[in-house]
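Peer 1: Please work out how this folds:
(one chain, ligands or ions: 2)
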Amino acid sequence: MTARIISLLADLYKIQDLETKEVLSGKATGLFRYKKMSPKVGDIVEYDKLPDNQIYITKIHERKNDLVRPAITNIDQAIVVMSVLEPCFNDNLLDRFLTILEFNNIDAIILFSKWDLLENVEEMEKVFKYYQSLGYRCYKVSTKQDTLDNKQISGLFKGKVSVLTGQSGVGKSSLLNYLYPNLTLKTNEISKALGRGKHTTRHVELLELSEGLVADTPGFGTMDFSGFEEIDIMHSFKEFFEYSKECKYNGCLHIKEPHCMVKTKLDSGEILQTRYTNYLQFIEECKKLRKWWLKMKVSPSILSMDFSRKEEEINKLNDTDAEYIHLDVMDGHFVSNTTFDEQFIKTIKSDKIFDTHLMIKEPLKQLHKYVPYTTYLTFHYEAETKENILEYLKNKKDDCLIGLSIKPGTDVRVLDEMLPYLDLVLVMSVEPGKGGQKFMESSLLKLEYLSNKKKVLGYKYLIEVDGGINEQTAKLVKGVGCEIVVAGSYVFSSSDYQTAIDKIR
Ligand code: DX5
Ligand code: ZN
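Peer 2: Ligands and ions are numbered 1, 2, ... in the order given. Below you'll find the model as predicted:
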């Protein structure tokens with residue numbers, strides 16, 4: 001039997017049978033785990049009903065496209081709502097949306113909303129026509145004026161899987177309500193189910209709207225160009241790509257190359273100046289991001305520093321380019337050693353990102369003490385019950401990024417249900433409690449598992465490893481997708497901290 005996945009919460013999928021339209025709840029078979037791929041919202045799948053009435057997804061059909069954030073596949077079209085006033089038209093954001101959509105092979109439809117508010121129609125008209133000339137379907141819409149293109153877009157969703165996105169504050173819901181007066185409930189549902197704020201990146205759902213399926217999303221991931229090469233940006237600017245056939249140099253990036261047709265068309269006014277400016281900016285962003293991602297991030301652990309010369313040691317760290325500073329809190333219960341608590345952390349003077357690792361019992365009772373003094377706050381899975389952790393994560397109000405850590409003996413899969421809520425996962429590659437131990441290679445499989453999950457499901461957590469990191473082991477963890485390494489003894493036993501950090505990267 002064939003169905004489409006319409007939502008996913010923890011490991012429970014809601015699927016809609018393609019023939020009967022019946023909506024059912026089911027799970028994915030364990031098979032996918034080994035194939036390192038998970039079914040996603042939007043997937044067309046085969047499913048079986050077992051005698052006990054349990055539904056199991058057994059096969060995923062080939063995907064037409066596959067977005068990471070929101071984690072959704074097989075999208076027919078994206079409807080991008082951009083207001084022309086209040087908030088002002090944002091050409092950079094529109095070009096950003098279009099670039100990401102082109103890259104993912106998704107048709108874009110642009111709704112220029114609040115058109116009735118325009119005083120200077122001419123200028124906007126020019127922009128409108130420009131995007132239209134690129135082949136995008138463009139519509140002028142308004143909830144105040146019926147004469148615009150409102151009527152034409154009534155059938156927009158019919159028979160399609162769409163993502164609805166756009167600038168924040170453009171009034172997507174009121175626009176939908178206006179266009180589809182009978183759908184008040186549904187749009188409320190959209191804003192409720194996916195309402196702005198915390199839950200938007202975590203929960204993706206396809207809702208029925210006007211005979212189609214729609215996922216509402218504020219954007220795509222961080223709306224940056226992770227995973228892009230410069231050439232991808234170039235190909236995503238449709239008109240640049242066309243003109244590039246007449247550039248003198250193959251692979252011309254239209255920046256400083258001579259005899260560049262894009263530059264010629266820009267000078268003659270056939271290319272919008274804003275398009276070109278945005279293009280240059282995106283190329284720059286793309287370069288910077290790549291540099292940042294290629295670099296292994298380092299979090300020196302002060303556990304190994306000379307505490308009698310605390311300030312001097314911290315200053316020496318501040319002089320390095322390490323991104324983080326790792327703070328190991330031990331309480332003499334969860335581990336046998338005792339180190340420091342929030343009162344000590346409070347006194348550390350550094351601009352680095354504080355990465356606090358709590359090795360204490362009942363951490364959930366004490367988290368609040370640390371929140372004001374750290375950016376990342378990581379506690380141990382083993383120190384709490386799964387139920388308590390989930391409850392905390394689902395209702396989290398603390399203004400802090402939360403990580404979970406697992407000891408070498410803990411199976412990484414215990415974290416599955418919590419992954420969507422985490423900002424960081426810390427894999428211990430030594431028994432927690434002291435520095436200077438030998439790296440355990442069993443951590444590599446866990447890191448790889450986390451890295452695959454993150455890629456496939458679009459989770460946001462950073463992947464960090466802690467224990468026994470040196471020049472050699474850093475290479476191993478980098479190879480399996482680790483993004484941050486904690487390094488204590490290796491950094492602090494070296495004569496020059498920066499050199500040690502360089503070697504780890
Ligand atoms: C171990 C601590 C680590 C420790 C790592 O319990 O969590 O952060 O400082 O030290 P090295 O890098 O020496 O293994
Ligand atoms: Zn640590």
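
Peer 1: V465 should be in a helix, yeah?
Peer 2: No: applying DSSP: H, G, I helix; E, B strand; the rest coil, one finds V465 to be strand, outside a helix.

Peer 1: Could you check the pLDDT of it?
Peer 2: Model confidence at V465, given as pLDDT, is 98.

Peer 1: Which strand residues bridge it?
Peer 2: V427, V485 (DSSP bridges).

Peer 1: Report how many residues lie close to it.
Peer 2: 31 (other C-beta atoms under 10 Å). Bear in mind the C-beta positions are built from the backbone N, C-alpha and C, glycine included.

Peer 1: got it, and S495?
Peer 2: Other residues close to S495 by other C-beta under 10 Å number 6.

Peer 1: how about it, secondary structure?
Peer 2: With three-state DSSP as the basis, S495 sits in coil.

Peer 1: for ligand 2, what are the nearby residues on the stretch 251-400 of the chain?
Peer 2: 328, 357 (C-beta under 5 Å from the ion).

Peer 1: So which bits of the stretch 251-400 of the chain are right by ligand 1?
Peer 2: Counting by C-beta under 6 Å from any ligand atom, the residues of the stretch 251-400 of the chain close to ligand 1 are 301, 303-304, 326, 328, 357.

Peer 1: So which of these sit within strands?
Peer 2: Mapping these onto strands (DSSP state E) picks out 326, 328, 357.

Peer 1: in terms of contact, does the last one touch L424 like I think?
Peer 2: Yep, that's H357 we're talking about. No: H357 lies out of contact with L424 (C-beta atoms under 8 Å); the separation is 10.0 Å.

Peer 1: Is the residue nearest to D17 when sequence neighbours are not counted bridged to anything, and to what?
Peer 2: Counting by C-beta to C-beta, 6 or more residues apart in numbering, D17 lies nearest to A3, which is 4.8 Å off, once chain neighbours are set aside. Beta-bridge partners for A3, by DSSP bridges, are D17, V45.

Peer 1: from what I can see A3 touches T20, true?
Peer 2: No: look at A3 against T20 with C-beta under 8 Å: they stay out of range, at 9.2 Å.

Peer 1: Farthest-apart pair in the residues of the stretch 251-400 of the chain next to ligand 1, please.
Peer 2: Within these, S304 and H357 form the most distant pair, 13.5 Å apart (C-beta to C-beta).

Peer 1: Looking at these two, which is more packed in?
Peer 2: When S304 and H357 are compared on other C-beta under 10 Å, the one with more neighbours turns out to be H357, at 27 against 19.

Peer 1: Contact partners for that one?
Peer 2: Applying C-beta atoms under 8 Å, 6 or more residues apart in numbering to H357 gives the contacts 326-329, 378, 405, 426, 466, 486.

Peer 1: A strand includes I15, no?
Peer 2: Yes: counting by three-state DSSP, I15 is found in a strand.

Peer 1: Please name the residues that touch it.
Peer 2: 3-6, 23-26, 45, 47, 55, 57.

Peer 1: any idea how far it is from ligand 1?
Peer 2: As defined by C-beta to the nearest ligand atom, to the nearest Å, I15 lies at a distance of 42 Å from ligand 1.
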